[in-house]
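Undergrad: next one to model:
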Amino acid sequence: MKKHRTAKTAGQSVDAIEVLEEILGSLRITEDNVLNRSTELATPETDRMLTVPAPAVYNESVPTKTMVSDLGYFDGDRTKFEDWCRGIHLFLKSNRVVAADERITAVLARLRGDVAEIYTQKKINELENTEDTQSWKEFVEEIKTVFSNKSKVADAE
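TA: Residues are numbered from 1 along each chain as shown. All right, here's what the predicted structure looks like:
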């Protein structure tokens with residue numbers, strides 16, 4: 001072991017630096033260390049862990065870039081509903097909004113204009129005053145009935 005000196009170097013003693021050098025020296029990886037450790041660690045379990053892919057984990061606190069930007073508001077114009085509805089479905093999917101109540105809330109938050117706002121307020125009251133939850137499928141059918149372009153349907157018939 002090296003002789004300890006007590007001279008000061010930039011506010012630290014040389015002793016502390018030597019101690020750190022010794023610790024770091026013991027952490028050096030050599031070829032012998034790698035060969036010896038790899039044979040000790042090779043087991044069927046470690047082999048399996050190396051071949052099985054790790055599950056995908058999404059950190060919800062980290063914002064992610066989505067492929068579909070927010071469409072903005074639906075103003076109640078029935079001639080624009082189909083395009084907006086298709087877009088909101090893609091927006092919800094790309095943002096991984098999967099729970100029915102979260103999807104419904106996201107859609108209601110994007111309805112503006114006379115008829116749309118009346119529908120939104122009615123729906124909020126309905127959801128607050130009942131313990132039953134509505135399925136996403138039922139909600140989609142309901143807004144399609146309320147906002148779809150009825151003249152387009154009549155023209156198709």
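
Undergrad: which residue is the nearest non-sequential neighbour of Tyr73?
TA: In this structure, Tyr73 finds its nearest non-sequential neighbour in Arg112, 4.2 Å apart by C-beta to C-beta, 6 or more residues apart in numbering. All C-beta spots, glycine's among them, are computed from the backbone N, C-alpha and C.

Undergrad: how is this structure partitioned into domains?
TA: With domains defined by automatic domain parsing, the chain comprises 8-51, 78-150.

Undergrad: buried deepest among these, which one?
TA: The highest average neighbour count among those, using mean count of other C-beta atoms under 10 Å, belongs to domain 78-150 at a mean of 14.

Undergrad: now distance to Ser69 and mean pLDDT too, for the domains of the chain, in CSV please.
TA: Below are these laid out as CSV (distance: least, C-beta to C-beta, whole Å; pLDDT from 0 to 100):
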stretch, distance to Ser69, mean pLDDT
domain 8-51, 39, 62
domain 78-150, 8, 90
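
Undergrad: and the ones you listed: which comes nearest Met67?
TA: Of all the domains of the chain, domain 78-150 sits nearest to Met67, with 4.9 Å by C-beta to C-beta.

Undergrad: looks like Val68 contacts Phe91 (just checking).
TA: Yes: with contact defined as C-beta atoms under 8 Å, Val68 counts as touching Phe91 (4.8 Å).

Undergrad: burial measure for the nearest residue to Lys93 once chain neighbours are set aside, as a count.
TA: Using C-beta to C-beta, 6+ apart and skipping the chain neighbours, the partner closest in space to Lys93 is Val68 (7.8 Å). Residues near Val68, counting by other C-beta atoms under 10 Å, number 14.

Undergrad: tell me if Val68 really is in a strand.
TA: No: using DSSP: H, G, I helix; E, B strand; the rest coil, the assignment for Val68 is coil, not a strand.
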